[in-house]
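S.K.: Got a sequence here, can you model it:
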Amino acid sequence: MKVNQTTLTLIKGDITKVTADVIVNAANTSLLGGGGVDGAIHRAGGVKILEECIKIRERQGGCPVGEAVLTTAGNLPASYVIHTVGPVWNGGSVGEADKLGSCYRNSLELADWHHAKSIAFPNISTGIYRFPKPLAADIALTAVKAYLVTGSSGIEHIYFVCFDEENYGIYKERLSGR
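M.R.: Numbering: from 1, shown residues only. Below is the predicted model:
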């Protein structure tokens, strides 16, 4: 699928193996690594990512929910990792949807700021943060398309990387236009 000049591609697999200018990490507010995507990116990327995350923590005290910060990609097949903190699902009445949309918008803005031509997103907040997967996919796609419609983005390729079959099926359906 194309939006303006940007191609959206769906991948089922491991985001740490995707070659892109930027890989997005579904981080926690501490930026010190954790489980799921966050742990996988820190393990595969190596100590340089953690060192830069520690410097960010010293400078600004972590990363708030919905915000994004950038580090090197270490040993990953990317130039940068953008760490964004998705919201924990609490029933949907405390701004979770807006915060999740902000994760995608802020990541795209940061990628554009660093002249990235490609960016790979995981399924932010759909693991241990329990965000409903269909709703999370709708928010992700809506936020990304809205950002691209402005026409100011230099990003040429966006990858949605789904680790599990359920998310892959949801994104496949949405991207096919059904």
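
S.K.: hmm, who's touching the helix or strand containing residue 111?
M.R.: Using DSSP states H and E, residue 111 sits in helix 96-113. The contact list for helix 96-113, computed with C-beta atoms under 8 Å, 6 or more residues apart in numbering, reads 21-22, 24, 65-70, 80, 82, 84-90, 119, 121, 124-125, 131, 135-136, 139-140, 142-144, 146-147, 152-155. Bear in mind the C-beta positions are built from the backbone N, C-alpha and C, glycine included.

S.K.: Give the pairing partners of the helix or strand bottoming out on mean pLDDT in the chain; include direction for each.
M.R.: When each helix and strand of the chain is scored by mean pLDDT, DSSP states H and E, strand 2-3 comes last, with a mean of 88. Using DSSP bridges, strand 2-3 pairs in its sheet with strand 6-12 (antiparallel).

S.K.: residue ranges for the strands of this protein, please.
M.R.: Under the criterion DSSP state E, the chain contains strands at 2-3, 6-12, 22-27, 68-72, 80-85, 118-121, 157-162.

S.K.: How about the second one, which residues are buried there?
M.R.: Of the residues in strand 6-12, those buried by neighbour count under the rule 16 or more other C-beta atoms under 10 Å are 6, 8, 10-11.

S.K.: re earlier: can you list the strands of the chain in TSV and add distance to residue 94?
M.R.: Formatted as TSV, the strands of the chain follow (distance: least, C-beta to C-beta, whole Å):
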stretch	distance to residue 94
strand 2-3	30
strand 6-12	29
strand 22-27	19
strand 68-72	20
strand 80-85	15
strand 118-121	23
strand 157-162	26
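
S.K.: Name the stretch among those that sits most buried.
M.R.: strand 22-27 (a mean of 29; mean count of other C-beta atoms under 10 Å).

S.K.: Hey, what's the angle from it to strand 157-162? Just curious.
M.R.: Counting by axes from the mean of the first three to the mean of the last three C-alpha atoms, to 10 degrees, strand 22-27 lies at 40 degrees to strand 157-162.

S.K.: start at 410 instead
M.R.: Sure, I'll start counting at 410 from here, so that last one is strand 431-436.

S.K.: what is the mean pLDDT for strand 431-436?
M.R.: Averaging pLDDT along strand 431-436 yields 98.

S.K.: Now do the contacts for residue 538.
M.R.: Contacts of residue 538 by C-beta under 8 Å, 6+ apart are 495-498.

S.K.: Farthest-apart pair in those, please.
M.R.: 495 and 498 (9.3 Å; C-beta to C-beta).
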